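J.: show me how the following folds:
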Amino acid sequence: MDSETAQKAAERLREVEEERQRWITKRTEALARQEKLLKLLKLQGPKTSQNEPQKTDKEAEIAQMEGDKAAKAAAAAQTRKKELKELQERAEKARKKQQAAAIVLSRNLKLLQAKRKREEVEADEQPRKKLDVGNTEAVETAVAAPEMHPCEELEFYVCVLELANATCFRIAAPLWLKMIAKEKLQQAFKDYTGKVLDEVVDWP
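T.: Numbers count the residues shown, from 1 in each chain. Sure thing, here's the model as predicted:
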């Protein structure tokens, strides 16, 4: 329940209470007038009392009507007060439901973010594993091969055709008694030197 609704409800309740107090005041004043009139009639004696029976009845009737109106106003105020209380209770229940829904939504959002982060980490690690598995044989071949002479900028690269041929020989040496596929040789050459074999060697 927002502050504007609560303020309107409080103002309405105050208006009803003021209306109820006005009717009560009117009824009290009417009863006081009636009592005062009865006292005057008693002081004036039997003659005056015989001349004023109709007026007294009318005053009593008016007082009764005003009293009834005040009672009805009080009952209406009580009813409105009850309705206002029910409205406040419903608003409070709605607020609690919204708060609970917000908590659930926040929790689900955190779980979703954690799941997405986990999936991103797993997706990052999977290509890395595949790359490691795919390059294991090539890395083993490169490690088994004799070390190559470094250039001035600390990079291994093929400078001349003879050096490229020597590199191919070094790669194939551990597998001398086996057949080595061209693709495997190219991959090992690239892992070993960082260069493309076809760019430095003319195949027959």
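
J.: assign A30 to helix, strand or coil.
T.: helix (DSSP: H, G, I helix; E, B strand; the rest coil).

J.: that one is in contact with A70, isn't it?
T.: No: assessed by Cβ atoms under 8 Å, A30 is found out of contact with A70, at 9.1 Å. Quick note: C-beta positions are derived from backbone N, CA and C, even for glycine.

J.: low-confidence stretches in the protein?
T.: Within the chain, the segments meeting pLDDT under 70 span 1-2, 45-55, 126-180, 192, 197, 200-204.

J.: just the helices from it, written as ranges.
T.: 3-44, 46-51, 53-144, 161-172, 182-193, 197-200 (DSSP state H).

J.: can you put the ones you listed in TSV and add mean neighbour count?
T.: Output for the helices of the chain, formatted as TSV (neighbours: other Cβ atoms under 10 Å):
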stretch	mean neighbour count
helix 3-44	13
helix 46-51	10
helix 53-144	12
helix 161-172	16
helix 182-193	17
helix 197-200	15
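
J.: can you list the domain ranges for this structure.
T.: The chain breaks down by automatic domain parsing into domains covering 3-119, 145-204.

J.: excluding chain neighbours, give the residue nearest to I62 in space.
T.: Distances taken as Cβ to Cβ, 6 or more residues apart in numbering place A30 nearest to I62, at 6.4 Å, with adjacent residues excluded.

J.: ok, now which ones touch the one you found?
T.: Contact analysis of A30 by Cβ atoms under 8 Å, 6 or more residues apart in numbering lists I62, A63, E66, G67.

J.: R107 versus A100, what's the distance?
T.: Distance, A100 to R107, using Cβ to Cβ, to the nearest Å: 11 Å.

J.: and what of E199?
T.: E199 is 57 Å from R107, by Cβ to Cβ.

J.: pretty sure K195 contacts F189?
T.: Yes: with contact defined as Cβ under 8 Å, K195 counts as touching F189 (7.1 Å).

J.: how far away is A71 from W23?
T.: 8 Å.

J.: cool, D124 as well?
T.: Relative to W23, D124 is positioned 78 Å away (Cβ to Cβ).

J.: kindly report the same for Q44.
T.: Counting by Cβ to Cβ, the gap from Q44 to W23 is 32 Å.

J.: kindly report the same for V121.
T.: V121 is 74 Å from W23, where distance means Cβ to Cβ.

J.: would you mind confirming that D198 makes contact with Q186?
T.: Yes: using Cβ under 8 Å, D198 is in contact with Q186, at 7.2 Å.

J.: dihedrals phi and psi, K195?
T.: phi -120, psi 170 (degrees, to the nearest 10).

J.: burial count for it?
T.: K195: 16 surrounding residues under other Cβ atoms under 10 Å.

J.: quick one: it from A188, how far?
T.: Distance of K195 to A188, given as Cβ to Cβ: 12 Å.

J.: ok, E89 next?
T.: Using Cβ to Cβ, E89 is found at 79 Å from A188.

J.: and what of E35?
T.: In terms of Cβ to Cβ, E35 sits 121 Å off from A188.

J.: V104 now?
T.: For V104, the distance to A188 - Cβ to Cβ - is 56 Å.

J.: what of R107?
T.: 52 Å.
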